[in-house]
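> My questions concern the predicted model and sequence given below.
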Amino acid sequence: MFTYNTNKALELMKSKIRKKRTKLFNDLDVQFIRAIESENVELRTQIVAQKEVLRNLTDISIDNISSRDELIALWPEDILGENPFPKNS
């Protein structure tokens, strides 16, 4: 029988988030350097805010999570794209 371990599932999700956001961080770093070079303070501020959002993606609370699908639903598709975890059918 298959048992669901919420803590292990959360760690797996965080690992996948970290992997996906690495490329986004790299892209933002390039944009930030270009903003410095062009002395674009407004763009630098926006990039700093975007990077903070990425850093906070792994701050996931599982206090109110009671199922695998509820945890999977927390994947931030609007930021990281398609959810890598299939939903139960």
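Looks like it came in fine. Residues are numbered from 1 along each chain as shown.

> how about the helix or strand bottoming out on mean pLDDT in the chain: buried residues?
Scoring the helices and strands of the chain by mean pLDDT, DSSP states H and E places helix 68-72 at the bottom, with a mean of 88. Of all the residues in helix 68-72, those buried under the rule 16 or more other Cβ atoms under 10 Å are Leu71, Ile72. To be clear about C-beta, it is placed using only N, CA and C from the backbone, and glycine gets the same treatment.

> helices or strands next to that helix in the packing?
The contact analysis (3 or more Cβ pairs under 8 Å, 6 or more residues apart in numbering; DSSP states H and E) places helix 68-72 against helix 6-37.

> And the helix it packs on, what does it pack against?
On a contact count with 3+ Cβ pairs under 8 Å, 6+ apart, helix 6-37 meets helix 41-56, helix 68-72, helix 77-80.

> which one of those helices lies closest to Arg34?
helix 41-56 (8.2 Å; Cβ to Cβ).

> Contacts for that closest one, please.
Residues outside helix 41-56 that contact it (Cβ atoms under 8 Å, 6 or more residues apart in numbering) are Arg21, Leu24, Phe25, Leu28, Gln31, Phe32, Ala35, Ile36, Ile79.

> Can you give the distance of it from its chain's centre?
14 Å (Cα atoms, centre = their mean, to the nearest Å).

> correct me, but Ile60 touches Leu10?
Yes: under the criterion of Cβ atoms under 8 Å, Ile60 makes contact with Leu10 at 6.3 Å.

> where does this structure have low pLDDT?
Scanning the chain for pLDDT under 70 picks out 1-3, 88-89.

> follow-up on the earlier one: run through who's touching the least confident helix or strand of the chain.
Tyr4, Thr6, Ala9, Leu10, Met13, Ile62, Asn64, Ile65, Asn83, Phe85, Lys87, Asn88.

> got those as JSON lines, with neighbour count and distance to Asn56 columns?
Formatted as JSON lines, the contacts of helix 68-72 follow (neighbours: other Cβ atoms under 10 Å; distance: Cβ to Cβ, whole Å):
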{"residue": "Tyr4", "neighbour count": "10", "distance to Asn56": "26"}
{"residue": "Thr6", "neighbour count": "14", "distance to Asn56": "20"}
{"residue": "Ala9", "neighbour count": "16", "distance to Asn56": "20"}
{"residue": "Leu10", "neighbour count": "17", "distance to Asn56": "15"}
{"residue": "Met13", "neighbour count": "21", "distance to Asn56": "14"}
{"residue": "Ile62", "neighbour count": "14", "distance to Asn56": "16"}
{"residue": "Asn64", "neighbour count": "6", "distance to Asn56": "18"}
{"residue": "Ile65", "neighbour count": "17", "distance to Asn56": "18"}
{"residue": "Asn83", "neighbour count": "15", "distance to Asn56": "18"}
{"residue": "Phe85", "neighbour count": "16", "distance to Asn56": "20"}
{"residue": "Lys87", "neighbour count": "9", "distance to Asn56": "24"}
{"residue": "Asn88", "neighbour count": "8", "distance to Asn56": "28"}
